[in-house]
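Undergrad: When you get a sec, could you give me coordinates for this:
(chains A and B)
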Amino acid sequence: MTTVPVRGAFEHPLLRDYFMDAAFDEMFDGDGAIRPHYQALFTELTTLPPEEIRRRKQSADASFLMQGITFTVYGREEGTERIFPYDLIPRVVTGEEWDRIERGLTQRITALNLFLHDVYNDQKILAQGVVPREVVYTCQQFRRQMRGLRVPRNVYVAIAGTDLLRLNSGEFVVLEDNLRVPSGVSYMLTNRRIMKRTLPSLFRDYGVRPIDHYPQALLATLRSLAPEGRPEPTIVVLTPGVYNSAYFEHTWLARQMGVELVEGRDLVIHDNVVYMRTTAGLKRVDVIYRRVDDDFIDPLAFRGDSILGAAGLFNAYRAGNVTLANAFGTGVADDKAIYAYVPAIIKYYLDEDPILNNVETYLLTDEKQQAYVKQNLEKLVVKAVGESGGYGMLVGPQSSAAEREEFKRRIEADPRNYIAQPTLSFSRAPCLLEDGSIGPRHVDLRPYILFGDKVTIVPGGLTRVALRQGSLVVNSSQGGGSKDTWVLGTSQEAHAFASSR
Amino acid sequence: MLSRVADSLYWTTRYLERAEHTARLIDINMGLMLDRSRVSAERRWQRVLSAVGAAQGLGWNDDAAGMAGEPGRWVGVTTLVHALCFDTTKHASITACIFAARENARQIRDEISTEQWQRLNGLFHEISRLRTAAPSERNLAEFLPTIIDGVHLFQGVTDTTLSHGEGWHVLRVGRNLERAWSITTLLDVYEREVFLGEDSDDAGEYLEWVGLLRICTAFEAFCRVHTSDLTHERILEFLLLDPDFPHSVRYAVDALHNALEAIQQHTRTQHGGELMRVAGRLKATLAFAQIGEILAQEPIRYLRRILEQCREIHDLIYTVYIQYSVETALAV
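TA: Residues are numbered from 1 along each chain as shown, chains lettered A, B, ... in the order given. Alright, predicted model coming up:
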């Protein structure tokens, strides 16, 4: 891959370090021309005096800190709270692009819910060999306890956060379905609030589609999943507690929805009914938006050493007296090996071709594919199926021979535990760098999908940025940050919007 | 309100009240040591330890008596005071109280106002800075007022920024129960050690008595009612039975009763009868008491009885609002 500096009309001093290669650039097309939907943003950035940009950045920083929008677990004595790193230049997605994403995600979540229902009930898809039985049964997230259990509206995954990448061709593909307890939605919404304050007139002129109704949509989704006969359900958010790195988000969502934030120790289960302990006595709980992993949610049913859950919760759930969102055992559908079968799953249940494609994935349980992977490790990325957050992976091109040998050994010892994918070149978007100039950095996109009585996807998502130059890792635990995502109306809407002003 | 939240609110103000009380207790006694006195340093500080450590049974006390090193061995004022201020392994120390208050508040950060959190967090960081410095008088001279000011500021923003609803009343319960407890304990110590003790030197007594009033921020308020004519009877009456002074036991118990009543109304609990009976009885005991009668009988027994009732109220708060059994809650 050759790196070419951007030339021509863009020799603006702010873009002195801008470069392009085969990777898709969100702002410039292949010829170095500005994409039309970035034009106004580009003009604004290059006409604002540098000190003005700096000033706005500082005031945004202060705003994050003041509101306590911070992350990372901190030690017991010294409270070291860091603000979530973010970037002031929004990522712009056109209405047409979004339309495809929205349809693709709706299709995918629908199929995955059907898959979960099938796997925990009739298992037709396994009987017909579309997905091999052993792949499902060997999945650590497969919960035998869920067999034959009815869940409201057959919705297993009510809240998902799917990670998308944009390939060199400009096509969005799915990297990962996060179907257990996806986080980050509070950052999506606070990024937006800060951006409205930082670039107000530009925001207005763009006609960005609103996302602020997410908490209401989440509440409506949870409400629609209440157990039968509970028309005025009490909804709570269940958090592992103050030491969890996403605690800020849990408190934030509870406050925005106007529901209680509870910990496991606040819940009491009596006669298979869940109550929370309040000063006014026990209050029945109907729907739990749980931000605690399966393993920890009930020490009687799962890990006995867990102090985060509530004893007896699973029995109450099995009795149909309480809804958990997401359901237990949804992890079987976002397992990295199952992922390879998602296109087949969509085809099987919906008889449609996937609108959003997968990244090519090699299954190491297949002998031929494993042989190929072992010979080509330096070109591939190997991931452990159970890990997330950028841990437990081998990035081929950046690995040493010793590391590759190590992974080869691990793959042979436990092929079910690993998958391999080609090293992806994914898109870059312009970011404001430390020195005040603008440079391209790799980005992904995580939209949030809600599935209750209907599918709701707020137009936007968390665009995560690998803030270090050259880095491909966008996870916040590994030096990643985020930026606001502006989804525009379709071109007809934009037209109507412009003429209405 | 979640029981866990009420529990944390209650302890936040209990710990803060305790930290403030201990800070003033140390500050005044440090000052008294400057004057020549018949009271030996060792006896004086044993008295201080009794005043902060006699809280057995309410569940926060540890080995306050062990502050002086090995039992029975006197370690000297500097070591003792430093431990009372900064030693986080001693639950009675000021730093331990502030840390515990902040930890409680942090668990319920979204239930209190941002201003409250900032005050408490600021106090925490200020203390963390001061306690790492080498022990010195200057350090203490900065530390003790910081604590007292910090707690006052927290109190102020609590009243002006938090809704005066259930949570606010829970904060009042914690503060006033602790206050009634600590003033009564202090009076108990002074009854035994000072009023009935062997120090009969008038000048010495006068200083000690002023000291007692100052520990309760009561000297000026006392003088306004009684002039500076100090007698055992008047001091005890003022600190125990005055209806208007915020650091009198009666005033604290009135406020406590009032807050408990408000909480009962908010929650509409059906189980609050016994709690309100005990709190009401204590309130009435103090409202209708006469100092002459108390002194004619055994004042120490009277004080001990108040402490017992405070403990009972604490236990009942837990039984009614926080740690009730599932069976009681469901059987209405």
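Undergrad: residue ranges with poor pLDDT in the stretch 1-150 of chain A?
TA: A:1-10, A:65-83 (pLDDT under 70).
Undergrad: cool, the stretch 201-332 of chain B as well?
TA: Low-confidence segments of the stretch 201-332 of chain B (pLDDT under 70): B:201-204, B:331-332.
Undergrad: Near chain A, which residues of it are found?
TA: B:263, B:266-269, B:271, B:321-322, B:324, B:326, B:329-330, B:332 (CB under 8 Å from any CB of the partner chain). C-beta: built from backbone N, CA, C; applies to glycine.
Undergrad: switch the cut-off to 7 Å
TA: Residues of the stretch 201-332 of chain B lying close to chain A by CB under 7 Å from any CB of the partner chain are B:263, B:267-269, B:321, B:326, B:329-330.
Undergrad: Return the nearest residue of the stretch 51-200 of chain B with respect to chain A.
TA: Relative to chain A, the nearest point of the stretch 51-200 of chain B is B:Asp110 (4.4 Å; CB to the nearest CB).
Undergrad: what's the distance between that residue and A:Arg144?
TA: 38 Å (CB to CB, to the nearest Å).
Undergrad: Is it possible to mark the buried ones in the residues of the stretch 201-332 of chain B next to chain A?
TA: Burial by neighbour count, judged by 16 or more other CB atoms under 10 Å in any protein chain shown, picks out B:263, B:267, B:269, B:321, B:329 from those.
Undergrad: So for the residue in the stretch 301-450 of chain A positioned nearest to chain B, what's the nearest residue that isn't a sequence neighbour?
TA: Using CB to the nearest CB, the single residue of the stretch 301-450 of chain A nearest to chain B is A:Gly312, 11.1 Å away. If the residues on either side of it in the chain are set aside, A:Gly312 comes closest to A:Ile269, at 3.5 Å by CB to CB, 6 or more residues apart in numbering or on different chains.
Undergrad: With A:Ile101 instead?
TA: A:Phe172 (5.8 Å).
Undergrad: What is the burial count for that neighbour?
TA: Neighbourhood size, A:Phe172 [other CB atoms under 10 Å in any protein chain shown]: 24.
Undergrad: can you check the one 4 residues further on too?
TA: A:Glu176 sits with 19 neighbouring residues when counted by other CB under 10 Å.
Undergrad: again, but for B:His232
TA: Neighbour tally, B:His232, other CB under 10 Å: 17.
Undergrad: How much space separates it from chain A?
TA: Per CB to the nearest CB, to the nearest Å, B:His232 is found 42 Å from chain A.
Undergrad: List the residues that contact A:Val458.
TA: A:211, A:213-214, A:217, A:448 (CB atoms under 7 Å, 6 or more residues apart in numbering or on different chains).
Undergrad: before we move on, back to that, of B:Asp110 and A:Arg144, which one has the most company?
TA: The neighbour comparison of B:Asp110 against A:Arg144 (other CB under 10 Å) goes to B:Asp110, with 17 against 8.
Undergrad: helix or strand for the closest residue to that one other than its chain neighbours, which one?
TA: Spatial nearest neighbour of B:Asp110, excluding adjacent residues (CB to CB, 6+ apart): A:Thr251 at 4.4 Å. Using DSSP states H and E, A:Thr251 falls within helix A:247-257.
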